[in-house]
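S.K.: Structure of the sequence below:
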Amino acid sequence: MGLSALITRRSQVQILPPPPKKVQVRAGPEGPALLLPRRKSQRESQNLATLAFVRGSKREIKRGVWELRVSLGKDPVTDKYKVRSKTFHGSARAADEALRDLIDQQAPSRSDGIGATFGRLLDQWLEECERLDLSPTTLRTYRAQIKQTIRPRLGEVLLSRLSARNLDELYGAMKDAGASPKTIRNHHAIIAAALHQGVRWGWVRYNVAERAKPPRVEHHQVQAPSVDVVHNVIDAAEKRDPRLAPLLMLAALTGMRRGELCALRWSDVDLQLGIVSVSRSLVVVPGGLAEKTTKTGRSRKVALDPFGIALLTEHRARVEEWVTAAGATLSADAFVFSPFVEAETPFRPDNVTSFFIRVRDEVGAPDVRLHDLRHFTAIQLIGAGVDVRTVADRLGHSDPSLTLRVYSHLIEERDRAAAAIMGGVLGLKKQLPKAAAG
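M.R.: Down below sits the predicted model:
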């Protein structure tokens, strides 16, 4: 562009003088990118790359065509400097904006996230989950889903290049392979949680999972076995193994979780007051069993009625008979449900589930799960008019809103019953004058 043309252009539109052919751009952890003159000292430029900044430059290859380059710093794994480049077509001012956008896509905070793959972030996130004492069962599920599905498709993708489209393609492939929407949602939750941690650490600037579209999960009404089916299952359990039949009955009476029942000790049971203290849960870990807190991390007390007290009293008497016959002693801290006479070792939760499957198949109820006994408790209580707060406390839900969401159809039925009551009251009042006239 000639000098006369430039003067004419400036007379028509007030603009700043054009930037140099090559400039350096630096973006701090906060605030917009700053346009700076190019440094002449190579040593100063290298030193600046080690700070918590991302630097970039643009170079005009030919008229209207620019090469944009962003320095990502030194990769801690390969010990090599990483550079991301992009070709841009447009004016110098538009190239500046494109360079700023390119810089903003990089993570300016932590240098150890530079050049990292999504697989590396998943590894670091799993370590963080361990540090936060997540349930071993939950961690085992996370690792299995990452190993089998997520890592093979996304593990080698650079975090800087991971996009919502990558995630949508994964979800599509899972759907084509026959995965249910709920399974896909579970994988999406893992990916989103790992990326959220990456944002907190400064490895990525935003969570691309928020832009992905996993399939919707249709919420079906919770189904629970009938009273007759529960009785049949427990009767069959009594014939197969009298040590486990009381466990299944207590599950139906209290709504306790499987791990909580297996972790129950006689020191947690007060038969005089009719109270069971629930403060621990048993989980299967590599190499054996481990005790942990309850799912919500909170302890609770569950009341027993005379039937529940009689159930555990009879079970205790039977256990003491076995102990006496074996010439052993029963400690105060022994497990309530144990496969051994001394009751120093509890039943494994997975063995309890296997036992339940055998007895439910025996009575012709193949669709009933052990966890459905918990639903049975909630449905019976809500149907009997017990308030949601009490039901939530008994089940050990962290928030009554969870109880409302899971059993909302029962709440709606009670609401219709309440409407019928009020309609009957007011409708009767309204019809009184007609009745008197007759």
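
S.K.: And the next helix or strand past the helix or strand bottoming out on mean pLDDT in the chain?
M.R.: Lowest on mean pLDDT, DSSP states H and E among the helices and strands of the chain sits helix 42-49, with a mean of 35. Of the helices and strands lying after helix 42-49 in sequence (DSSP states H and E), the nearest is strand 54-62.

S.K.: Next, the contact list for residue 210, please.
M.R.: By Cβ atoms under 8 Å, 6 or more residues apart in numbering, the residues touching residue 210 are residue 192. (Glycine included, C-beta is placed from N, CA and C.)

S.K.: So what does it have for phi and psi?
M.R.: Per-residue torsions, residue 210: phi -70, psi -20 (degrees, to the nearest 10).

S.K.: Look at it and report its pLDDT.
M.R.: Looking at residue 210, its pLDDT is 95.

S.K.: same thing with the one 4 residues further on?
M.R.: Among the per-residue scores, residue 214 shows a pLDDT of 95.

S.K.: What's the separation between the nearest residue to it once chain neighbours are set aside and residue 225?
M.R.: Nearest non-adjacent residue to residue 214, counting by Cβ to Cβ, 6 or more residues apart in numbering: residue 188, 4.1 Å away. To residue 225, residue 188 is 32 Å away according to Cβ to Cβ, to the nearest Å.

S.K.: Also residue 68?
M.R.: Distance, residue 68 to residue 225, by Cβ to Cβ: 64 Å.

S.K.: Check residue 375 too.
M.R.: 8 Å.

S.K.: so what's the backbone phi/psi at residue 283?
M.R.: Dihedral angles of residue 283 (phi, psi; degrees, to the nearest 10) stand at phi -130, psi 150.

S.K.: which stretches of the stretch 201-350 of the chain form helices?
M.R.: 227-240, 245-254, 258-262, 306-325, 349-362 (DSSP state H, counting those that start in this stretch).

S.K.: name the helices or strands packed onto the second one?
M.R.: This means helix 245-254. If you count contacts as 3 or more Cβ pairs under 8 Å, 6 or more residues apart in numbering; DSSP states H and E, helix 245-254 packs onto helix 227-240, helix 258-262, helix 306-325, helix 372-383.

S.K.: Worst mean pLDDT among those helices?
M.R.: Averaging pLDDT over each of the helices and strands packed on helix 245-254 puts helix 372-383 lowest, since it has a mean of 88.

S.K.: Looking at the helices and strands packed on helix 245-254, which one is packed in the most?
M.R.: Most buried of those, by mean neighbour count (mean count of other Cβ atoms under 10 Å): helix 258-262, with a mean of 25.
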